[in-house]
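[1] my questions are about this predicted structure, shown below with the sequence.
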Amino acid sequence: MKKLIVLIPLMIMIWACSGGDDNKSKSKKEKKVAQADAPDGKKIYKINCVLCHGADGKMGVNGSKDLTESVLSLDEAITQITNGKGLMASYEPILSKEEIEAVAEYTLSLRK
């Protein structure tokens, strides 16, 4: 009988501490991780592009284009960032494909 008195509270404690498998909290955690893993186009732009294009995209140093007046599509912007053009260096060896896409999307947000 004494063993049963000790065993039942022990089993209750183990069950209470197990926490179970909550799919809702798991999916929220997965979403937060996915968002954290997504590259920040604005941050990458500030590191790599501000020197020539300026913070607002209008600077135009060394012949760089005014990004607020750009007519490039997203795919064209990705290609230009990836391969470079004129004095603009290729960012393919520097940035990942996802980072290039994030920067291209950010540059579209600079348009008037």
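    Thanks, I have it.

[2] my read: residue 108 touches residue 77, true?
    Yes: between residue 108 and residue 77 there is a contact at 6.9 Å, judged by C-beta atoms under 8 Å. The way it works is simple: take the backbone N, C-alpha and C, and place the C-beta from them, glycine included.

[3] the more surrounded of those two?
    Neighbour totals were compared for residue 108 and residue 77, and residue 77 leads with 20 against 14 (other C-beta atoms under 10 Å).

[4] now do the contacts for the more buried one.
    70, 104, 107-108 (C-beta atoms under 8 Å, 6 or more residues apart in numbering).

[5] highest neighbour count among the residues you listed?
    Most surrounded of these: other C-beta under 10 Å gives residue 107, at 24 neighbours.

[6] surely it is in a strand?
    No: read with DSSP: H, G, I helix; E, B strand; the rest coil, residue 107 is helix and lies in no strand.

[7] next, count neighbours for residue 110.
    Residue 110 sits with 19 neighbouring residues when counted by other C-beta under 10 Å.

[8] thought residue 55 was touching it, still the case?
    No: with contact defined as C-beta under 8 Å, residue 110 and residue 55 do not form a contacting pair (9.5 Å).
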